[in-house]
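# My questions concern the predicted model and sequence given below.
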Amino acid sequence: MFSSIKMEVLTGIQQVKCASLRYFLLAIATYYVSVFLFAIRWKYVLKGTGVDVPLLELFKANLAGLFMNNITPMSRGGGELLRMVWVSKLQGVPMGVSAVTIVYERILESIPVMVMVGIGFLYFTTSEALVLIPLLVGLVLIWFRWERFIELTLRLFRVDLSEKDMERIIALRRCSNANVVGIGASSLVWILDVMRLKLITLAFGLSVSVPVLVFVSVVNLILGIAAFTPGGIGVVEGGLVGTLTYVGLPPTLAVSVVVLERFISYVLGSLSGLMVLLTSGGREVWRALKSR
């Protein structure tokens, strides 16, 4: 049995050479557009607190964060901390402000995520979609207990804020531009994630329905969060191959799809982030991270 699995994996890797270069390049483009959208979302959330940071700096911070995510356990295990330190050390943003804006991004992102989880699971079964209920309750509690949530967040990151900065953060919830752009950008990012999977499957001549790809994208998200290895190495790949096989792809083609997807999201993402760290003040940020 082990030898047959090994043969399927090797065959799948070899089939990567047959993938359409056009679809592969388009898939890479969707990945970097997603990173740019993350930067736009963060810029508007920061502006909601009265802080204006150049978009290019936020784009570089997000790329560097991707590298950190891929070398630390759990999804976004170290990337969020690096982004927080990046804008604080290189752009002079108060540490507490940068921390809360990053947390607020995740709150806004959770809205389209819940929609995707609902679509992905409801396509197959309704019982798993019940996991959305505690998440929804948590979001409602955060929204109505915003000041208390801010206090807990600042305590978690061990930072103190001036009274003025605290007032700006509390007012963030009422900033319509930050909320509209944040939710819109987050939604577009998840659409692009599904589109990237679609392009990769098309690169192998496969026709996979969008609801199935949404389900696979949701599984990919869950695996990345739950994985204990750096960047989810091993766990994400094995889980995605199993999921693609479950939805009907031949094992060899499932391996091929996962190899291309992980090459884009893990290898290229890591290399891009490392280059940014080496060329854009990464040493100062790295020293600040180690000191924390």
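Looks like it came in fine.
# How about G205: what's its closest non-neighbour residue?
Nearest non-adjacent residue to G205, counting by Cβ to Cβ, 6 or more residues apart in numbering: S20, 7.9 Å away. Using the backbone N, CA and C atoms, a C-beta is placed for each residue, glycine as well.
# The one you found contacts T201, correct?
No: with contacts defined as Cβ atoms under 8 Å, S20 does not count as touching T201, sitting 10.6 Å away.
# Between those two, point out the one with more neighbours.
Comparing S20 with T201 by neighbour count (other Cβ atoms under 10 Å), the higher total belongs to T201, at 24 against 15.
# The more buried one belongs to a helix?
Yes: with DSSP: H, G, I helix; E, B strand; the rest coil as the criterion, T201 is located in a helix.
# thinking again about what came up before, could you pull up phi and psi at the residue nearest to G205?
Backbone torsions of S20, given as degrees, to the nearest 10, read phi -70, psi 120.
# mind listing what it touches?
With contact set as Cβ atoms under 8 Å, 6 or more residues apart in numbering, S20 has these partners: L202, A203, F204, G205.
# which among these end up buried?
When burial is judged by neighbour count using 16 or more other Cβ atoms under 10 Å, the buried members of the contacts of S20 are L202, A203, F204.
# Turn the residues you listed into TSV, columns for pLDDT and distance to S265.
As requested, the buried ones among the contacts of S20 are arranged in TSV below (pLDDT from 0 to 100; distance: Cβ to Cβ, whole Å):
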residue	pLDDT	distance to S265
L202	90	17
A203	90	15
F204	87	17
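# I'd like to know which of the residues you listed is nearest to Y31.
Distance to Y31, by Cβ to Cβ, is smallest for A203 among the buried ones among the contacts of S20, at 13.9 Å.
# Thought A27 was touching the closest one, still the case?
Yes: using Cβ under 8 Å, A203 and A27 qualify as a contacting pair, with a distance of 7.2 Å.
# Now do the shared contacts for these two.
Taking Cβ under 8 Å, 6+ apart as the contact criterion, the common neighbours of A203 and A27 are L260.
# The closest residue to Q91 other than its chain neighbours is in what secondary structure piece?
In space, and not counting its chain neighbours, Q91 is closest to V53: 5.0 Å by Cβ to Cβ, 6+ apart. Secondary structure assigned from DSSP states H and E places V53 in neither a helix nor a strand.
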